[in-house]
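> one predicted model, sequence on top.
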Amino acid sequence: MAKKDLVIRIGGEGGEGVVSAGDFIAAACARAGLEVYTFKTFPAEVKGGYCMYQVRTSSERVYNQGDTYDVFCAFNGEAYELNKHLLVPGSVMVYDGPGGDFEPEIPEGVIAYPIPMTKTALALKSKRSKNMVALGALSALFNISEATLKEVLTLKFKKKGEDILNFNLGAFDEGKKLAQALEKVDEFRVADARTPDDVIIISGNDACGMGAILGGLEFFSAYPITPATEIAKFVATHIPKKAGTLLQAEDEIASIAQLLGASYAGKKSMTATSGPGLALMSEMLGMATMSETPCMLVDVQRGGPSTGMPTKHEQSDLFIAIHGGHGDSPRIVLSVEDVNDCVNMSVDALNLAEQYQCPVILLSDGSLAFSTQTIPAPKKENFKIVNRRKWDCKGEYKRYELTGDNISPMADPGTPGAQHIATGLEHNEKGSPSWDIHNRDLQMDKRYNKLSTVIENYHDTEIDGEGEADLGIITWGSTIGVAREAVERMRAEGMKVKGFYPKLMWPMPVEQYEAFAKTCKKILVPEVNYLGQLSHFIRAETSIDPISYPICQGLPFTPSQIIAKSKEVL
Ligand code: COA
């Protein structure tokens, strides 16, 4: 398959401005009308440690960060050491030299461009601008529009002061001159600019915040945790314009407790956290189930257990999202594939919480949280907003009335005639505590059966491919984007492969899984966790016996990994 994309990876130390340089390239490519998918990984320390940013750009849609890089820009020796095994004939390295902290060995066939980044920045008396020297060089070498890059870096640095902007623009020009003095011997270049579609470039976390605002969010209950904090930051900026409220609590337990209070009071409410926070919130999620209080929670998964690998990618919260907590506590669990889903499915999650009056957990992950992608500009008028069923103030009010669809009308506190006891205790239709055996059966059935229509109402599982296949790939979350490309590449080689990409994780659409599996000789389930959590649910809930393919190293899959495993199992 002819290569249509370009992957640039920048590696350096936290504090050297790797992230800014990558962000500027991504923004410039998006402004040039190109598709962009970025991936970044950095340590938990604020300064120091290896930091990597990868930009994949193309004139066609890209679904993941790519297999490896075409161009590697090494800011220091550590980054070089960690990435040199990926230097293959034809690939390009731009590195800090001479005068950097390392002297690379250039393998045969690899094209290397030395740019004295540190030396130049020091000569300009602004060590901070080393990343801008690199950016100027990358712009000149790989056709990244200088004008657009300067536009985006001006937007960022102007806020920091005229002097900071000027020394950075100066460093950019120096980097450009250094690159122009070299002979370009590779063929890599960013695709030519084209008229941009109506798109925006946004990170997964910001997109969750944007979806929540578009979904009519009225109350956000915040408690910061990596890698979810930016969701609250986005909402904090935008919710006041909608007359809504963001309130930061003292910990995760208080955070979800105040969410339930606001939701009980009639406000569309959510919170966002990561694995350790979700663990702390599990008791209150049970309260939301029992009290039938709408509750939307975004869980941005990270490497666990405990504090684990806070800035690293993992998809290991499926067990806790679906069954975390004591007793039988039904809930809805969704998972996003990409940044576009982060917008759309945040709206869906708020809607489902309101419609079914229960907890809805939206699973994102560490790679998507910080990944910036170009997505169609969301339009408010395209979103359907669902609000909870309200009491019509007629007849006797029963908070947990046994209705035909098991969803009971809610009344805001203070509504005349709607007095009831609000508690986490088992209750009768009026809300009064009850240990009656028959009532227990009725209320348990009510809480489970009201979710029986979720599968038919939420059609978001996608089947990629038709007819019979030798291999079916089932996966979830951001691994879907990687599987899409793997499936496409294997088909191009003549292999019979299909994909099944669920977004509704719970209740599990068992019939859809089984119908898909019937058309495939073997089923492979790649996912980024140790145990193969989705495989586990597939075995428990369906008649399928999949081949589990879990990896758990803090990084997302690459398409090549899935292709290699597929060939092995076939
Ligand atoms: N001139 C002036 N300022 C510059 C600059 C330049 N040439 N290049 C970068 N900067 C600024 C950036 O604007 C940014 O400031 P801001 O926060 O005000 O925007 C800052 O320097 C850091 O640069 P950036 O490029 O964003 O990051 P980096 O590549 O140096 O990497 C981080 C550092 C961000 C990854 C790291 O510091 C960090 O925060 N790690 C995560 C820690 C964490 O979350 N831990 C969780 C534990 S639970």
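Thanks, I have the structure now.

> contacting residues for residue 502?
With CB atoms under 8 Å, 6 or more residues apart in numbering as the criterion, the residues that contact residue 502 are 335, 460, 461, 474, 476, 509, 512, 513. The C-beta positions use only the backbone N, C-alpha and C, and glycine is treated the same way.

> which of the residues you listed sits closest to residue 216?
When those are ranked by distance to residue 216 (CB to CB), residue 460 comes first, at 20.0 Å.

> grab the nearest non-local neighbour of the closest one.
residue 503 (4.1 Å; CB to CB, 6 or more residues apart in numbering).

> quick check: residue 214 vs residue 235, distance?
Using CB to CB, to the nearest Å, residue 214 is found at 12 Å from residue 235.

> and what of residue 119?
44 Å.

> so for those two, which sits in the more crowded spot?
Neighbour totals were compared for residue 119 and residue 235, and residue 235 leads with 26 against 17 (other CB atoms under 10 Å).

> can you tell me the centre-most residue of the protein?
With distances taken as CA atoms, centre = their mean, residue 368 lies nearest the centre of the chain, 2.7 Å away.

> now that one: which helix or strand?
helix 366-370 (DSSP states H and E).

> what mean pLDDT would you report for that helix?
The predicted model gives helix 366-370 an average pLDDT of 96.

> ok, is that helix in contact with the ligand or not?
No: judged by CB under 6 Å from any ligand atom, helix 366-370 stays clear of the ligand, getting no closer than 9.2 Å.

> which residues touch that helix?
By CB under 8 Å, 6+ apart, helix 366-370 touches 38-40, 65, 203-205, 227-228, 230, 300-303, 311-314, 336, 338-339, 342, 477-478, 556.

> close to the ligand: what parts of the stretch 401-550 of the chain are there?
Residues of the stretch 401-550 of the chain lying near the ligand (CB under 6 Å from any ligand atom): none found.

> all helices of the stretch 401-550 of the chain, in order?
437-449, 454-457, 479-492, 510-518, 533-541 (DSSP state H, counting those that start in this stretch).

> mean pLDDT and mean neighbour count added to the ones you listed, as JSON lines?
Formatted as JSON lines, those follow (pLDDT from 0 to 100; neighbours: other CB atoms under 10 Å):
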{"stretch": "helix 437-449", "mean pLDDT": "98", "mean neighbour count": "14"}
{"stretch": "helix 454-457", "mean pLDDT": "94", "mean neighbour count": "14"}
{"stretch": "helix 479-492", "mean pLDDT": "98", "mean neighbour count": "22"}
{"stretch": "helix 510-518", "mean pLDDT": "97", "mean neighbour count": "16"}
{"stretch": "helix 533-541", "mean pLDDT": "98", "mean neighbour count": "19"}
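
> residues near the residue of the stretch 251-400 of the chain found nearest the ligand, how many?
Nearest to the ligand in the stretch 251-400 of the chain, going by CB to the nearest ligand atom, is residue 310, at a distance of 3.8 Å. Number of residues near residue 310 (other CB under 10 Å) recorded here: 18.

> next one: the one 4 residues further on
Residue crowding around residue 314 was assessed by other CB under 10 Å; the count is 26.

> please identify which helix or strand holds residue 176.
helix 162-180.

> residue 325 too?
Counting by DSSP H and E, residue 325 is part of no helix or strand.

> swap in residue 94?
Here residue 94 is assigned to strand 92-96, by DSSP H and E.

> residue 343 should be in a strand, yeah?
No: under DSSP: H, G, I helix; E, B strand; the rest coil, residue 343 falls outside any strand and is assigned helix.

> for the residue nearest to it when sequence neighbours are not counted, give me its contacts.
Beyond its immediate neighbours in the sequence, the residue positioned closest to residue 343 (CB to CB, 6+ apart) is residue 211, lying 4.1 Å away. Residues near residue 211 by CB under 8 Å, 6+ apart: 342, 343, 344, 345, 346, 347, 378.

> residue 211 sits in which helix or strand?
Using DSSP H and E, residue 211 falls in helix 204-214.

> please save the CA atoms from that helix in CSV.
Output of helix 204-214 as CSV, limited to C-alpha atoms (Å, rounded to 0.1, in the frame of the first residue of the first chain):
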residue,chain,number,x,y,z
GLY,A,204,-9.6,14.0,23.8
ASN,A,205,-10.0,15.6,27.2
ASP,A,206,-11.1,18.9,25.8
ALA,A,207,-13.5,17.1,23.5
CYS,A,208,-15.1,15.4,26.5
GLY,A,209,-15.6,18.8,28.1
MET,A,210,-17.0,20.2,24.9
GLY,A,211,-19.4,17.3,24.5
ALA,A,212,-20.6,17.8,28.1
ILE,A,213,-21.3,21.5,27.5
LEU,A,214,-23.1,20.7,24.2
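
> please enumerate the strands of the stretch 351-500 of the chain.
Here the stretch 351-500 of the chain has its strands, by DSSP state E, counting those that start in this stretch, at 359-365, 372-376, 462-464, 469-474, 497-501.

> winner for burial among those?
strand 359-365 (a mean of 29; mean count of other CB atoms under 10 Å).

> what segments of the stretch 101-250 of the chain are strands?
111-115, 199-203, 219-222, 245-248.

> need the nearest residue in space to residue 485, chain neighbours excluded.
Nearest non-adjacent residue to residue 485 (CB to CB, 6+ apart): residue 559, at 4.3 Å.

> can you give me the helices for the stretch 51-200 of the chain?
Counting by DSSP H, counting those that start in this stretch, the helices of the stretch 51-200 of the chain are 77-83, 117-123, 130-142, 146-158, 162-180.

> export these to JSON lines and tack on mean pLDDT and distance to residue 352?
Below are the helices of the stretch 51-200 of the chain laid out as JSON lines (pLDDT from 0 to 100; distance: least, CB to CB, whole Å):
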{"stretch": "helix 77-83", "mean pLDDT": "97", "distance to residue 352": "42"}
{"stretch": "helix 117-123", "mean pLDDT": "96", "distance to residue 352": "50"}
{"stretch": "helix 130-142", "mean pLDDT": "98", "distance to residue 352": "43"}
{"stretch": "helix 146-158", "mean pLDDT": "96", "distance to residue 352": "37"}
{"stretch": "helix 162-180", "mean pLDDT": "96", "distance to residue 352": "46"}
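
> how about the contacts of residue 211, which pair is most distant?
Every pair of those checked by CB to CB; the farthest is 345 and 378, at 11.9 Å.

> quick one: contacts of stretch 163-170?
Contacts for stretch 163-170 (CB under 8 Å, 6+ apart): 124, 125, 126, 128, 129, 132, 150, 153, 154, 157, 158.

> near the ligand, from the residues you listed?
128, 129, 132.

> just the pLDDT for residue 556.
97.

> got it, and the one 4 residues further on?
Among the per-residue scores, residue 560 holds a pLDDT of 97.

> quick check: closest non-adjacent residue to it.
Closest to residue 560 by CB to CB, 6+ apart is residue 67, at 4.6 Å.

> one more: residue 285?
Closest to residue 285 by CB to CB, 6+ apart is residue 359, at 4.9 Å.

> mind listing what residue 258 touches?
By CB under 8 Å, 6+ apart, residue 258 lies in contact with 221, 247, 249.

> can you show me the helices along the stretch 251-400 of the chain?
Using DSSP H, counting those that start in this stretch, helices in the stretch 251-400 of the chain cover 252-264, 275-291, 318-323, 339-356, 366-370.

> dump the ones you listed into a markdown table; add distance to residue 383 as well.
Formatted as a markdown table, the helices of the stretch 251-400 of the chain follow (distance: least, CB to CB, whole Å):
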| stretch | distance to residue 383 |
| --- | --- |
| helix 252-264 | 20 |
| helix 275-291 | 24 |
| helix 318-323 | 24 |
| helix 339-356 | 5 |
| helix 366-370 | 20 |
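
> most tightly surrounded among these?
helix 366-370 (a mean of 29).

> close to the ligand: what parts of the stretch 201-350 of the chain are there?
Counting by CB under 6 Å from any ligand atom, the residues of the stretch 201-350 of the chain near the ligand are 226, 310, 311.

> much appreciated, bye for now.
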